[in-house]
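[1] Quick one: sequence plus predicted model below, questions after.
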Amino acid sequence: MASVEEQKPSVPEAQRDSKVSYSDEKLDEKKEIDEKNEVEIAESVKGGVYEDVRDIDLDEFGKERPIETDTDVATRLISLEDDPTLPAFTFRMWFLGVGLSCFGAVLGQIFTVFVSQLFIQIIAYILGRVLEELVPGPGNEHPKLKTADNKFWRFMNPGPFNIKEHVAITIFASTAADSALAISIFAADDLFYNIQPNAAVGIFTLIGSQLMGYGIGGLMRSFLVYPTYIVFPNLLPTVQLFDALHRGKKIFLQKKRVRFFWIIFVAIFVWEWFPEYIAPTLTGISIFCLANRNSPWFTRIFGGAAGNEGLGAFALCLDWNYVGSGGGSMGALFTPLSTQLSLYCGTALCMITFCACFAMNVWNGQNFPFLSQQLFYENGTRYNQLLILDENFRLDPARLAEQGLPWFASSQVVAKIGHSLAIGSTVTHVFIWYGKEIIEVIKKYRRGETYDPHLEKMAVYREVPMWWYIAMFLGSFTMAMATIYSAKSGLPWWGLIVAIIISSVFLPFVITVYAITGFSPNIQPLVQMLGACMVPGNPQANMYFTLYGYNTLDQARGLIRDLKMGQYTKLPPRVTFTVQSLGAIIGGLLNYVIMKVIISAQRDILLQVQGTNIWSGQQVQTFNSNAISWGALGNILYAPGGRYTIIPFAILIGLAVPIPFWLIHKKWPKAKADKVVTPILCWTIGYLSVGINSSVFTTFMLAVFSQYYLRKFRPRWFRKYNFLMSAALDGGTQVMVFVFTFAVGGGSGKVTDMPFWALNPRGNPDYCMRLT
């Protein structure tokens, strides 16, 4: 297969007329997608993405063009190079894939440390290069380790650690590192309900729940993975890092880019010790709180460096752990501008709404903390959910009458309303902006046409047959149907089917929004509400309904995202299928074994509210509390006439939210109403309801600088370094957090506190008045 260096230069008009705008997100109805021309672009690109400038990067005046369309992303940011002879199934891949899978699964389960895909990518590269030097084989350059060139030794060490091995390891291990939702159910059953299903039931529930989403996602890959407009902005730093580490190694500019990555990586690793440990005030510098340290309202509006304290208005955050994509931010350097502007418009509305509801005492908000996720009695004390359940942990109406219905903090109610609005708006948003394109792509797939330059390059590899995914789904469904009864879940057979239908119906809508805008709508509240309506008063059934109604979609989303990564990096589809499936199984099994060991050894601590600096049951307690509040009380709290009936009703309201913007765009196209991402605008009405919020203003400024100024006015620097810098900043921060956790954060069994000083004060780090 010819490399891109051998191809002729050309800048087809189709490149400038591509229908999907990466920077602005929306589809321009006035233009038609010409997929044939898009594929021709792939055949006309001369030079790699690592080169300084190519013909395809220039406009008609010879100046660098900004990255604006999905085709720009596919051909100018991501390499079209491929070498089909590179092996993926090598000893290094299996050894590091299995080893890092175990590492990620164990670490996440024991220490609740999030092992990100970028972290695994960097560690895998370092270890892969080490094995390249140490393992004997025909590809080893050391004379003493060089062997005969036969099949076995080529498997052991075929040569330099290559991109296909690296991508396979990353997908393998990152899949395993994602903790299975079923683990929270088993832990809650054991701790709170004294239900202990046997190992076979537990293992088959895990496998069934993890792989069912893979089967559904694989069946929809023709329109959720392959098209050019399916970009996945959060993949761009990862894919550019793969390209930088493995392609064009002899090109001077590529060496410069790799050096740039490692300099930024080391610099942020060193810097992060200051805001994370030495000087926490750097997490949120608030001039307003420094001016007035005794005002509760100043804390509520301008605070935010401490969890659940304030909204962080105009605070300056110098901690990349919160500014970057690893700390809850969407990623200022890679998320498209229209997504981020929609997010921050919603965030401004969030601040106004939270303050107004609290000041006006809506839902008795002043009885409770300004920001909180707990349930309360009306007098503001924490609600004891176990007092309303009978000995079988089902709702007891007599006990409920004695205790009274629980209350949410007003900010939490607003957040739930925003999430419901986002669910409804997602459906309409996809229908009116992307519906025609999805249908057209499906038709082209059925006709066997190629409609993406990277998909064209993948034609040399054997595709995964559709029946593989069908078999995976049917096998998982059979396991799920058997285990919901053997585990005494309380979920009827028809409930399982309804849950799977919900996941399948919402998957195209969620993925389309996620892949184009970088925002992933969360349907878990909807699933919990529907479960409460169909199987009322049963927390157990609600947990299992959530497992198959929400986790199935979540697993499918992970599979689809990784399939797109495989398409971008030219990993053979059957390799991707294999490592995804094995990663999910290995991770789930390790999660189960470790969970049983921890509960057996630390049961008393896990049942405590506070726990210790090493062991805490907070995650499973929260999961169980949500199951009780939804499963036992959902049909009372959220029913028509109930206290919070507006929350489910907001889903219907959300269906109408995108329509005014669509009508305005039809009437006045220059008004740019099509640039509004309504699902995220709705969701961010509750964006600041939890956690540390001091990074909002800083992230917004970075978003404008990167996605507007650099992209538009410094397009060459943006193309070569912007996404690589994002990967370096996120990667260095995540490695630092990992080291910090075990060095001084308690992961090793001992916490070493930093002495108090000016930038590590007692109370809130930003000197705002302490409210909780």
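    Looks like it came in fine.
[2] which intervals of the stretch 601-750 of the chain have sub-threshold pLDDT?
    Within the stretch 601-750 of the chain, the ranges that satisfy pLDDT under 70 run 605-619, 621-622, 625, 747-749.
[3] 50 instead, please
    610, 613 (pLDDT under 50).
[4] Nearest to the middle of the protein, which residue? Look it up for me.
    Geometric centre of the chain, nearest residue: Ser520, 7.3 Å, by C-alpha atoms, centre = their mean.
[5] Residue ranges in this protein under the pLDDT threshold?
    The low-confidence ranges in the chain, as defined by pLDDT under 50, are 1-21, 24-35, 610, 613.
[6] quick one on the thing from earlier: my guess is the residue nearest to the centre of the chain contacts Phe509. True?
    No: between Ser520 and Phe509 there is no contact under C-beta atoms under 8 Å: 11.0 Å. Yep, even glycine has a C-beta here, placed from its N, CA and C like the rest.
[7] So which bits of the longest helix anywhere in the chain are buried?
    Assignment by DSSP state H gives helix 410-446 as the longest helix of the chain. Buried residues in helix 410-446, counted by 16 or more other C-beta atoms under 10 Å: 410-434, 437-438, 440-441, 444-445.
[8] which element is the residue nearest to the residue nearest to the centre of the chain when sequence neighbours are not counted on?
    Excluding the flanking residues, the one nearest Ser520 by C-beta to C-beta, 6 or more residues apart in numbering is Tyr514, at 4.2 Å. Taking DSSP states H and E as the definition, one finds Tyr514 inside helix 493-517.
[9] what's the angle from whichever helix or strand comes after that helix to helix 410-446?
    Per DSSP H and E, the first helix or strand lying C-terminal to helix 493-517 is helix 524-534. On the basis of axes from the mean of the first three to the mean of the last three C-alpha atoms, to 10 degrees, helix 524-534 is oriented at 100 degrees to helix 410-446.
[10] can you give me how far helix 524-534 is from the chain middle?
    22 Å (C-alpha atoms, centre = their mean, to the nearest Å).
[11] is it true that Thr65 touches Asp59?
    Not quite, residue 65 is Arg, not Thr. Yes: Arg65 lies in contact with Asp59 (C-beta under 8 Å); the separation is 4.7 Å.
[12] out of those two, which sits in the more crowded spot?
    Legend: neighbour count by other C-beta atoms under 10 Å for Arg65 and Asp59, higher for Arg65 (20 against 12).
[13] what sits against the more buried one?
    By C-beta atoms under 8 Å, 6 or more residues apart in numbering, the contact set of Arg65 is 16, 57-59, 72, 715.
[14] now with 7 Å?
    Contact partners of Arg65, counting by C-beta atoms under 7 Å, 6 or more residues apart in numbering, are 57-59, 715.
[15] With adjacent residues omitted, what lies nearest to Tyr204?
    Rather than Tyr, residue 204 is Phe. Using C-beta to C-beta, 6+ apart, the nearest residue to Phe204 is Met479, at 4.6 Å.
[16] excluding its backbone neighbours, what's nearest Val98?
    Excluding the flanking residues, the one nearest Val98 by C-beta to C-beta, 6+ apart is Ile586, at 6.9 Å.
[17] Wait, the one you found touches Ala176, no?
    Yes: with contacts counted by C-beta atoms under 7 Å, Ile586 reaches Ala176, the gap being 5.1 Å.
[18] list the residues that contact both of these two?
    101, 105.
[19] which of the two has more neighbours?
    Ala176 (33 against 20).
[20] ok but that one is inside a strand, no?
    No: membership of Ala176 in a strand is not supported by DSSP: H, G, I helix; E, B strand; the rest coil, which gives helix.
[21] still on that earlier bit, between the contacts of Arg65, which is nearest Cys355?
    Closest approach between these and Cys355, by C-beta to C-beta: Pro715, at 40.1 Å.
[22] So the closest one sits against Glu64, correct?
    Yes: the pair Pro715 and Glu64 passes the contact test of C-beta under 7 Å, sitting 4.5 Å apart.
[23] Pick out whichever of those two has more residues nearby.
    Shown here are Pro715 and Glu64; by other C-beta under 10 Å, Pro715 has more neighbours (21 against 17).
[24] Now do the same contact list for the more buried one.
    Contact analysis of Pro715 by C-beta under 7 Å, 6+ apart lists 64-67.
[25] now those in a markdown table, with secondary structure and distance to Met212?
    Below are the contacts of Pro715 laid out as a markdown table (DSSP: H, G, I helix; E, B strand; the rest coil; distance: C-beta to C-beta, whole Å):
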| residue | secondary structure | distance to Met212 |
| --- | --- | --- |
| Glu64 | strand | 46 |
| Arg65 | coil | 44 |
| Pro66 | coil | 42 |
| Ile67 | coil | 37 |
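[26] Tell me the one of those residues nearest Trp94?
    Here the nearest of these to Trp94, counting by C-beta to C-beta, is Ile67; it sits at 37.0 Å.
[27] For that closest one, give its distance to Lys720.
    Distance check for Ile67 against Lys720: by C-beta to C-beta, to the nearest Å, it reads 11 Å.
[28] so where do the strands sit in the stretch 251-400 of the chain?
    With DSSP state E, counting those that start in this stretch, there are no strands along the stretch 251-400 of the chain.
[29] What segments of it are helices?
    With DSSP state H, counting those that start in this stretch, the ranges of helices along the stretch 251-400 of the chain come out as 252-271, 273, 287-291, 296-302, 320-323, 337-359, 397-403.
[30] Pick the most buried one from those helices.
    helix 320-323 (a mean of 25; mean count of other C-beta atoms under 10 Å).
[31] Out of the helices of the stretch 251-400 of the chain, which is closest to Val498?
    Closest of these to Val498 is helix 397-403, at 25.8 Å (criterion: C-beta to C-beta).
[32] so Tyr377 makes contact with Tyr383?
    Yes: if you go by C-beta under 7 Å, Tyr377 and Tyr383 touch, sitting 5.5 Å apart.
[33] Of those two, which one has the most company?
    Relative neighbour count places Tyr383 above the other of Tyr377 and Tyr383, with 20 against 16, counting by other C-beta under 10 Å.
[34] show me what contacts the more buried one?
    Neighbours of Tyr383 in contact, by C-beta under 7 Å, 6+ apart: 375-377, 406.
[35] tell me the phi and psi of Lys570?
    phi 70, psi 40 (degrees, to the nearest 10).
[36] Relative to Lys164, how far out is it?
    Taken as C-beta to C-beta, the span from Lys570 to Lys164 is 7 Å.
[37] How about Ile497?
    Using C-beta to C-beta, Ile497 is found at 39 Å from Lys164.
[38] So the two - more neighbours on which side?
    When Ile497 and Lys164 are compared for neighbours, Lys164 comes out ahead with 25 against 14, by other C-beta under 10 Å.
[39] That one: helix or strand, and which one exactly?
    In this structure, Lys164 sits in helix 163-177 according to DSSP H and E.
[40] for that helix, the distance to its chain's centre please.
    Remark: helix 163-177 is offset 16 Å from the chain centroid, using C-alpha atoms, centre = their mean.
[41] Mind giving me the packing neighbours of it?
    The contact analysis (3 or more C-beta pairs under 7 Å, 6 or more residues apart in numbering; DSSP states H and E) places helix 163-177 against helix 91-111, helix 117-134, helix 236-246, helix 552-569, helix 573-607.
[42] Could I get these in CSV, plus columns for distance to Thr733?
    Shown next, in CSV, are these (distance: least, C-beta to C-beta, whole Å):
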stretch, distance to Thr733
helix 91-111, 17
helix 117-134, 10
helix 236-246, 13
helix 552-569, 21
helix 573-607, 24
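[43] looking at the ones you listed, which is closest to Val505?
    Val505 lies closest to helix 552-569 among these, at 9.5 Å (C-beta to C-beta).
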